[in-house]
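Undergrad: Sequence and predicted structure, then a few things I'm wondering about:
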Amino acid sequence: MDIVIHPTYFPSIAQFVTMVKAKTIWLETEDNFVKQTYRNRCYIYGANGKLALNIPVVHTQKNRQKYKDVKIFNEDSWQSNHWKSLLSAYRTSPFFEYYEDDLKPLFSSPTENLLDFNLKCFNTICDCLQVDFSIFKTITFQKETRDKSDFRFLVNAKKETEQTLSKYTQVFASKHGFLRNLSILDLLFNEGPNSINYLESQKLPTP
């Protein structure tokens with residue numbers, strides 16, 4: 001199965017379920033940037049429940065801006081804040097220490113371009129999961145794809161369809177119950193090397 005999918009900030013579990021089942025992955029890099037999507041946000045499980053981590057971006061006067069041209073607003077300390085949130089949420093999880101040294105550098109050196117940063121995060125997660133995908137980038141934007149399965153709908157954070165995902169152990173589940181389809185980070189810190197087995201056992205997401 002060849003798929004087209006958006007590169008996002010620490011992709012959702014549903015996105016990774018799709019990718020581990022794909023033969024070839026085409027990353028959509030020619031679309032316009034849209035607010036309130038996973039392009040610049042992810043969700044983790046904090047002590048008070050579902051917590052959004054948002055990357056601030058530089059807004060231009062243009063009505064439309066290509067995703068690949070979006071710049072990160074690095075004037076505030078968002079990287080430090082995101083890392084503190086991850087520490088608070090996951091330092092007691094079974095595998096946080098195991099991956100901490102791989103992930104920490106992402107939050108210490110500023111990156112100017114949003115897409116570049118997302119790809120850097122994605123590659124780091126792939127290294128942690130020890131997966132090697134066959135990946136290409138789109139050259140032109142196609143509203144409808146004829147030769148690929150279109151999973152670009154998974155980029156929507158506000159209008160997303162609830163996906164059927166099996167339960168796994170989460171740090172704060174005793175407080176707030178099981179939260180589905182968080183960032184891949186939640187699965188990685190809680191399941192570690194078993195994450196791939198989990199992803200492969202799940203059903204493909206539906207629109």
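TA: Done, it's in.
Undergrad: Please enumerate the strands of this structure.
TA: Applying DSSP state E to the chain gives strands spanning 2-5, 24-27, 41-46, 49-54, 135-137, 149-150.
Undergrad: Which helix runs longest in this protein?
TA: helix 114-129 (DSSP state H).
Undergrad: on contacts alone, who are the packing partners of that helix?
TA: Packed against helix 114-129 by the contact rule (3 or more C-beta pairs under 8 Å, 6 or more residues apart in numbering; DSSP states H and E) you find helix 96-103, helix 184-191. Bear in mind the C-beta positions are built from the backbone N, C-alpha and C, glycine included.
Undergrad: Pick the most buried one from these.
TA: helix 184-191 (a mean of 25; mean count of other C-beta atoms under 10 Å).
Undergrad: Please save the CA atoms from that one in CSV.
TA: The C-alpha coordinates for helix 184-191 follow below in CSV (Å, rounded to 0.1, in the frame of the first residue of the first chain):
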residue,chain,number,x,y,z
ILE,A,184,3.5,8.6,19.4
LEU,A,185,5.5,9.8,22.4
ASP,A,186,2.9,8.5,24.8
LEU,A,187,3.1,5.1,23.3
LEU,A,188,6.9,5.1,23.1
PHE,A,189,7.4,6.1,26.8
ASN,A,190,4.8,3.6,28.0
GLU,A,191,5.4,0.6,25.8
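Undergrad: Relative to Gly192, which of the strands of the chain is closest?
TA: strand 41-46 (15.8 Å; C-beta to C-beta).
Undergrad: what's in contact with that closest one?
TA: 8-12, 50-55, 85-86, 88-90, 157, 170-172, 176, 179, 182-183, 185-186 (C-beta atoms under 8 Å, 6 or more residues apart in numbering).
Undergrad: on that earlier part again, if you count neighbours, what's buried in the longest helix of the chain?
TA: For helix 114-129, the neighbour count (16 or more other C-beta atoms under 10 Å) marks Leu114, Leu115, Phe117, Asn118, Leu119, Cys121, Phe122, Thr124, Ile125, Cys126, Cys128, Leu129 as buried.
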